[in-house]
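Visitor: Whatever this is, show me its structure:
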Amino acid sequence: MTTLAAEAADRRAPPALFVLTVFTSAALVFLVQPMVAKLVLPLLGGSPSVWNTSMAFFQIALLAGYFYAHLLQRLPSVRAQAMTHVAALIVAAAALPLRVNGLAGPPSTDHPNLWLLAVLTLSIGAPFAILSATAPLVQAWHARTIGAAEGKEPYALYAASNLGSLIALLAYPLVMEPLTSLVGQRYGWSSGYVAFVLIIGALAVAVSRVRAASVERAVATTPAPSWRDRIAWVALAAIPSSLMLGVTTYITTDVASAPFLWVLPLALYLTTFIIAFQEKPVISLELTLTLQGAALAACAAMLPFRSTEFTVQFAIQLLAFFLTALMCHQRLVAHRPDPAHLTVFYLCLSLGGVVGGAFNAFLAPVIFDNVWEYPLVLALACLARPWGDLHKIPIWVWTMLTLGVLAAVATPIAVYLASGRLTQDPIIGALDQSEIFDMGVKVLLLCSVLSAFLIRRWAILMFAVVAVMSYASEVAADRVDTRKTWRSFFGVLRQSETYVPSMNSQVKMLAHGTTLHGAQAQDPKQMCAPLVYYTPRTPIGQVFTASQRQKQNLRIGAVGLGTGSVAAYVREGDHLTFFEIDPLVIRISSDPTNFSYTSLCAKSLVDYTVGDARLTVAKQPADSFDILLIDAFSSDAVPAHLLTVEAVRGYLTKLKPDGVLILHLSNRNLDLMNPAQAVARAAGGHAAAQSYRPPENDPKGAWESPEDAVIITRNAAALAPYLASGTWKPGDPFKARPWTDDYTNLAGSLYARLKDRWSWLP
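Guide: Next up, the predicted model:
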């Protein structure tokens with residue numbers, strides 16, 4: 001080693017400082033994502049689309065950061081790059097402390113995506129973009145200093161970056177969210193940003209000390225990447241990005257839009273990067289291809305069966321997503337370029353993330369009337385597998401594959417017939433349809449997995465199997481006659497129709513996602529009878545009928561419109577106001593060709609206020625309502641910000657002294673009854689609870705649904721008549737910690753519901 005080289009080696013930055021810088025920047029980048037999304041979530045009704053749009057924004061900001069890093073490489077020296085980057089970080093700190101910037105104005109329900117993008121840009125855009133540029137920049141500096149001297153590739157730092165991201169993501173729902181308030185989180189992250197500026201400042205000084213002769217631009221040992229290579233990188237990065245948002249929407253629609261569910265797919269996404277960029281991956285590409293084929297076929301077979309056990313669906317969807325993302329990223333790493341083209345490579349990765357995220361968040365809701373983007377990209381992901389040589393497939397594989405596909409197609413058709421949809425055979429009709437259905441799902445799943453294991457490497461066959469499984473399972477899963485479908489930022493709405501023998505009438509239904517949100521009989525004699533959750537025997541119906549007996553000229557508020565069923569209770573002299581965040585729901589339910597509760601059945605004034613209920617109800621005069629119904633759902637998920645102490649305290653101020661607040665809490669996957677009763681006490685109210693179950697074999701109860709509800713009053717006297725009825729029980733406020741705007745525990749509610757189902761859980 002020459003004297004000059006020895007001197008340069010002594011003065012170059014410690015390798016650990018590179019790792020610390022990349023790790024810290026990645027942790028800050030991914031810690032802030034669920035934090036900011038949670039800050040803006042209540043402003044847009046708790047919709048799952050808030051996270052998708054936020055993720056698309058972060059991917060765009062990441063692309064901007066990577067492009068900035070790419071441009072910074074044009075500066076001739078590492079010292080100039082380092083000083084410029086530190087200066088940019090200091091300028092971006094003007095957006096701190098972290099908060100929701102109010103310059104974009106109040107939330108827009110007409111253009112929520114644009115409003116949210118504007119708010120995120122003003123609130124966190126500059127710090128996030130500059131922070132995200134750190135990883136590729138530091139890797140480039142590593143390549144031009146340590147890597148140049150020792151011949152080491154900088155890609156291992158990418159694994160360190162993703163490890164920091166993963167730890168931060170898991171720390172948010174497990175540590176920060178339950179143990180700190182949102183105010184503490186905001187100022188804690190802002191302090192972390194300042195600390196990071198000091199760390200990278202130290203690295204900038206260290207790399208600047210290396211003599212210019214030792215940091216000449218790296219010379220590529222291979223040709224520059226072709227446009228075909230770059231397009232392949234973008235495509236391989238876009239598929240996992242799209243699937244991450246797709247599977248997040250899938251699992252949050254039926255539970256809740258909350259950080260503890262947001263971070264799971266994102267954490268798995270980052271884990272695939274960590275595995276793929278390891279020098280010796282713990283999962284080989286060959287094993288990934290085999291497992292991914294089976295998981296993907298199982299996922300395609302199960303996708304339409306949304307009513308199947310949530311935990312089974314949850315596991316299958318996440319496993320298929322994880323293995324598909326890992327396969328794409330391993331294929332990506334296998335085609336990585338020379339380190340001299342590192343920033344171009346990461347720029348293409350980031351562009352792919354933007355393409356995938358933007359497709360889900362912005363394009364798909366416009367071109368599809370249902371969430372078709374998730375199964376579509378699942379199928380397209382098959383084409384990222386090796387194509388192989390079809391002539392080398394043994395004949396026995398073709399035979400077994402054909403038999404498996406035929407069995408998979410025949411199974412749902414048999415279920416279709418046996419469930420009585422195409423036959424009135426008395427023998428078939430006497431069979432237990434639910435058992436037939438469950439058996440069909442299991443056989444279909446088995447055929448799918450076995451067929452996929454046989455395929456292993458061949459992309460075109462895998463594509464065919466997934467397409468066939470998706471089609472076959474749709475045949476068995478589509479058990480209602482869907483007439484119309486609409487889609488907005490807030491979800492997918494479907495109008496369907498069925499014949500109900502006990503009512504001797506066709507019934508129109510409105511479903512949001514997978515949950516029925518109201519129904520109306522088409523027989524003129526029964527058209528104004530409220531159904532499902534709103535019949536007179538249900539808890540909601542009990543409150544309305546009791547209030548009607550006591551008072552004339554009721555002032556009613558209802559958060560959440562649905563089909564407008566409660567409008568059937570409006571008498572002459574009454575006044576009902578619906579608080580609805582989605583303008584599409586108002587257009588659907590106020591159109592008599594769809595539903596006529598508000599236009600035909602209501603005998604007095606019905607009006608609408610558009611916007612998030614927390615914001616719109618707060619603008620109402622105090623002591624206004626005799627009844628205030630909180631009945632807002634996003635599919636089966638109840639927006640948590642509507643159930644906090646601060647929210648309920650605000651609702652109570654809008655009630656008349658003898659008024660009643662109703663919290664409709666029916667839910668398949670969350671136990672909300674205990675937190676709601678704790679909230680009632682903390683808010684200063686008096687509560688009673690009821691879990692209503694329709695009588696079995698009761699024709700009158702055929703269109704009643706099970707219902708969980710809590711009622712809250714401002715004083716004990718207003719609650720007394722309900723307690724005296726015997727159907728309402730005093731609330732127990734000590735079984736859960738009350739939720740606040742700074743504390744919610746949706747993960748605990750999910751666990752409590754699972755514990756009720758599975759007695760073996762501790």
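
Visitor: Which residue ranges of the stretch 601-750 of the chain form helices?
Guide: 613-617, 645-654, 673-682, 716-724, 746-757 (DSSP state H, counting those that start in this stretch).

Visitor: Can you tell me which of those is most buried?
Guide: Highest mean neighbour count of these: helix 673-682, a mean of 24 (counted as mean count of other Cβ atoms under 10 Å). For glycine as for every other residue, the C-beta is placed from the backbone atoms N, C-alpha and C.

Visitor: hmm, back to that, with residue 95 as the reference, name the closest of the helices of the stretch 601-750 of the chain.
Guide: Within the helices of the stretch 601-750 of the chain, the stretch nearest residue 95 is helix 613-617; the backing value is 24.1 Å (Cβ to Cβ).

Visitor: so can I have CSV of the helices of the stretch 601-750 of the chain showing mean pLDDT and distance to residue 538?
Guide: Output for the helices of the stretch 601-750 of the chain, formatted as CSV (pLDDT from 0 to 100; distance: least, Cβ to Cβ, whole Å):
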stretch, mean pLDDT, distance to residue 538
helix 613-617, 88, 21
helix 645-654, 95, 20
helix 673-682, 93, 15
helix 716-724, 93, 14
helix 746-757, 74, 21
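
Visitor: Tell me which of the ones you listed sits nearest to residue 551.
Guide: Among these, the nearest to residue 551 by Cβ to Cβ is helix 716-724 (11.9 Å).

Visitor: For that closest one, name the packing helices and strands.
Guide: Here helix 716-724 touches helix 539-550, strand 655-664, strand 686-692, strand 707-713, going by 3 or more Cβ pairs under 8 Å, 6 or more residues apart in numbering; DSSP states H and E.

Visitor: Now with 7 Å, please.
Guide: In terms of contacts (3 or more Cβ pairs under 7 Å, 6 or more residues apart in numbering; DSSP states H and E), helix 716-724 is packed against strand 686-692.

Visitor: what's the span of stretch 162-179, first residue to last?
Guide: End-to-end distance for stretch 162-179: 24 Å, by Cα to Cα, to the nearest Å.

Visitor: list the buried ones in that stretch?
Guide: Residues 162, 163, 164, 165, 166, 167, 168, 169, 172, 173, 176, 177 are the ones in stretch 162-179 that count as buried (16 or more other Cβ atoms under 10 Å).

Visitor: likewise stretch 730-746?
Guide: The neighbour-count check on stretch 730-746 (16+ other Cβ under 10 Å) flags 731, 733, 736, 737, 738, 739, 740, 741, 743, 744, 745, 746 as buried.

Visitor: And the fourth one, how close does it get to residue 261?
Guide: By that I understand residue 737. 20 Å (Cβ to Cβ, to the nearest Å).

Visitor: mind checking which helix or strand of this structure has the lowest mean pLDDT?
Guide: The weakest-scoring helix or strand in the chain, judged by mean pLDDT, DSSP states H and E, is helix 426-429 (a mean of 34).

Visitor: Of all the helices of the stretch 601-750 of the chain, which one is nearest residue 139?
Guide: Evaluated with Cβ to Cβ, these place helix 746-757 nearest to residue 139, the distance being 35.3 Å.
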